[in-house]
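Asker: Mind looking at a prediction? Sequence and model below.
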Amino acid sequence: YGITAIVGRPNVGKSTVFNRIIGERKSIVEDTPGVTRDRIYGKAEWLTKEFRVIDTGGIQIENQPFKEEIEMQVEIAIEEADSIVFVVNGRDGLTKDDEYIAKMLRKSQKPVILVVNKIDDLQFMDAIYEFYALGLGDPIALSGTHGIGIGDMLDKIVESFPKNIRNEYEGMTRFCLIGRPNVGKSSLVNAILNQDRVIVSNVEGTTRDAIDTPFKREGKEYVVVDTAGIRKRGKVYENVEKYSVMRAMSAIERCDVVLVVIDGESGIRDQDKHVAGYAHEAGKGVILIYNKWDTVDKDENSTVSIEKKLRNEFVYLSYAPILFVSALTKQRIHQILPLIDMVHDYSLLRIQTNVLNEVILDAQLMTPPPTHNGKRLRIYYCSQVAVAPPTFVLFVNDPELLHFSYKRFLENKLREAFDFTGTTLRIIAREKT
Ligand code: GDP
């Protein structure tokens with residue numbers, strides 16, 4: 001899929017446009033500059049084409065002068081995206097800052113979709129003409145708040161992506177490493193790749209291939225997604241947390257299995273939990289890698305007590321296997337790829353309907369569903385509707401009656417029967433008609 005990035009000076013309505021593109025109108029958007037927003041990376045779909053959007057306005061360095069701020073945004077957009085949505089404000093007219101941004105964008109050679117926002121009424125339509133002067137083609141009149149022009153903009157976005165975006169990594173296991181700076185991600189990648197001879201195949205295609213590292217091991221093909229993001233050093237914004245979060249989300253989207261790397265030397269931090277949360281929400285396979293094991297003072301209880309701590313801190317990742325490794329001494333590095341294979345296989349596991357229904361029936365016989373307002377949940381049958389993550393639909397008398405605790409009970413029964421290590425399970429109740 002393609003990636004587009006939104007740029008523009010402050011207060012032109014970038015996050016309104018972002019929300020329009022991802023189709024979520026509920027997010028809080030305030031008409032004040034510098035409002036902090038958490039959503040900076042989103043999934044979108046238009047005319048059955050899926051793509052991703054980055055709101056670079058959400059990646060801010062505190063107290064930066066405008067010029068540095070905007071340069072960072074544009075640089076990120078150019079690096080991370082296939083096309084750029086440049087938002088200007090039709091009510092303010094063309095400003096010097098717009099011209100400055102346009103100049104950088106023209107140099108980048110990336111397709112630019114010029115959007116004149118805040119054209120809330122046809123009578124303001126004339127305001128778009130002066131923006132031709134930016135030399136970025138036809139401006140699109142838009143009202144982010146009233147929803148005018150959204151379709152035209154989405155058409156242009158979908159057209160802007162290179163034609164050859166396809167899945168070059170078909171049949172390969174894609175994994176990524178996420179975690180705070182200095183937890184050892186790049187050391188781990190090197191340790192994994194250097195285990196024995198690495199055959200790096202040359203996959204030609206999109207511009208983003210350069211950041212992924214394909215390799216073969218024992219006849220199997222893998223791709224480390226976003227190796228560039230792991231290795232790159234020195235840019236100012238590399239240390240901006242929101243930038244790494246955006247980068248991590250982008251990597252997570254593109255892979256099958258996520259290695260959440262934790263620094264065993266400094267322990268678990270809040271930021272570790274944030275990134276791990278994204279992996280969980282995206283429904284990817286997840287493995288917790290506890291790195292720098294060589295620095296940990298060990299007694300016979302250390303794995304047990306650290307594992308307990310990890311389980312407490314990452315409650316929602318109870319299904320994720322934990323591996324204690326050292327990129328430095330290479331301890332247990334050879335177990336990483338087999339574990340990735342296993343987790344990937346479980347995320348793709350399909351259970352036969354009759355076997356599945358036996359397990360669900362047994363579970364109900366053992367612990368009958370609870371009653372609510374005198375009504376008992378009845379499960380008629382169950383069907384697996386998707387993999388990655390495995391998704392099960394329960395056909396029931398009343399979906400409201402499937403409470404969280406019973407859902408968790410059923411999930412545990414499914415795990416007892418089929419394991420599903422490393423993958424989240426989705427269980428959905430639907431009314432039987
Ligand atoms: P990244 O920012 O997550 O990619 O982290 P790096 O791979 O650059 O590692 C950060 C620092 O931790 C470097 O100084 C590494 O040498 C060190 N490091 C990485 N893995 C280990 C390990 O297993 N044990 C020890 N003792 N140090 C490590």
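Answerer: Happy to help now that I have it.
Asker: okay, now residue 415: neighbour count?
Answerer: 16 (other Cβ atoms under 10 Å). (Each C-beta comes from the backbone N, C-alpha and C, glycine too.)
Asker: which stretch of helix or strand covers it?
Answerer: helix 404-418 (DSSP states H and E).
Asker: could you dump that helix to PDB, C-alpha only?
Answerer: Extracted in PDB, the C-alpha atoms of helix 404-418 (Å, rounded to 0.1, in the frame of the first residue of the first chain):
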ATOM      1  CA  PHE A 404     -15.700  -9.800  28.900                       C
ATOM      2  CA  SER A 405     -15.000 -12.500  31.500                       C
ATOM      3  CA  TYR A 406     -16.700 -15.200  29.600                       C
ATOM      4  CA  LYS A 407     -15.000 -14.100  26.400                       C
ATOM      5  CA  ARG A 408     -11.700 -14.400  28.200                       C
ATOM      6  CA  PHE A 409     -12.700 -17.900  29.500                       C
ATOM      7  CA  LEU A 410     -13.400 -19.000  26.000                       C
ATOM      8  CA  GLU A 411     -10.200 -17.600  24.800                       C
ATOM      9  CA  ASN A 412      -8.300 -19.500  27.400                       C
ATOM     10  CA  LYS A 413     -10.100 -22.700  26.300                       C
ATOM     11  CA  LEU A 414      -9.100 -22.000  22.700                       C
ATOM     12  CA  ARG A 415      -5.500 -21.500  23.800                       C
ATOM     13  CA  GLU A 416      -5.600 -24.700  25.900                       C
ATOM     14  CA  ALA A 417      -6.700 -26.600  22.800                       C
ATOM     15  CA  PHE A 418      -4.700 -25.000  20.000                       C
END
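Asker: What pairs with whichever helix or strand comes after that helix, parallel or antiparallel?
Answerer: Under the assignment DSSP H and E, the closest C-terminal helix or strand after helix 404-418 is strand 426-431. In the sheet, strand 426-431 lines up against strand 391-396 (parallel) (DSSP bridges).
Asker: just the angle between the strand it pairs with and helix 404-418, please?
Answerer: Put simply, strand 391-396 runs at 120 degrees to helix 404-418, going by axes from the mean of the first three to the mean of the last three Cα atoms, to 10 degrees.
Asker: Looking at strand 391-396 now, give me its mean pLDDT.
Answerer: When pLDDT is averaged over strand 391-396, the result is 96.
Asker: contacting residues around it?
Answerer: Residues outside strand 391-396 that contact it (Cβ atoms under 8 Å, 6 or more residues apart in numbering) are 356, 360, 377-385, 402, 410, 414, 425-432.
Asker: from the residues you listed, which are also near the ligand?
Answerer: When contact is defined as Cβ under 6 Å from any ligand atom, these do not meet the ligand at all.
Asker: From the residues you listed, list the buried ones, please.
Answerer: 356, 360, 377, 379, 382, 384, 402, 410, 414, 425, 427, 429 (16 or more other Cβ atoms under 10 Å).
Asker: which stretch of helix or strand covers the nearest residue to the fifth one once chain neighbours are set aside?
Answerer: What that stands for is residue 382. Nearest residue to residue 382, sequence neighbours excluded (Cβ to Cβ, 6 or more residues apart in numbering): residue 360, at 4.7 Å. Per DSSP H and E, residue 360 falls inside helix 353-366.
Asker: In contact with the nearest residue to residue 56 once chain neighbours are set aside, which residues?
Answerer: Leaving aside its sequence neighbours, residue 56 sits nearest to residue 73 (Cβ to Cβ, 6+ apart; 3.9 Å). Residues in contact with residue 73 (Cβ under 8 Å, 6+ apart) are 7, 56, 57, 59.
Asker: possible to save those as a markdown table with distance to the ligand?
Answerer: Converted to a markdown table, those look like this (distance: Cβ to the nearest ligand atom, whole Å):
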| residue | distance to the ligand |
| --- | --- |
| 7 | 27 |
| 56 | 23 |
| 57 | 26 |
| 59 | 19 |
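Asker: could I get the residues you listed as a markdown table with distance to residue 160 and pLDDT?
Answerer: Converted to a markdown table, the contacts of residue 73 look like this (distance: Cβ to Cβ, whole Å; pLDDT from 0 to 100):
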| residue | distance to residue 160 | pLDDT |
| --- | --- | --- |
| 7 | 14 | 95 |
| 56 | 16 | 89 |
| 57 | 19 | 83 |
| 59 | 21 | 78 |
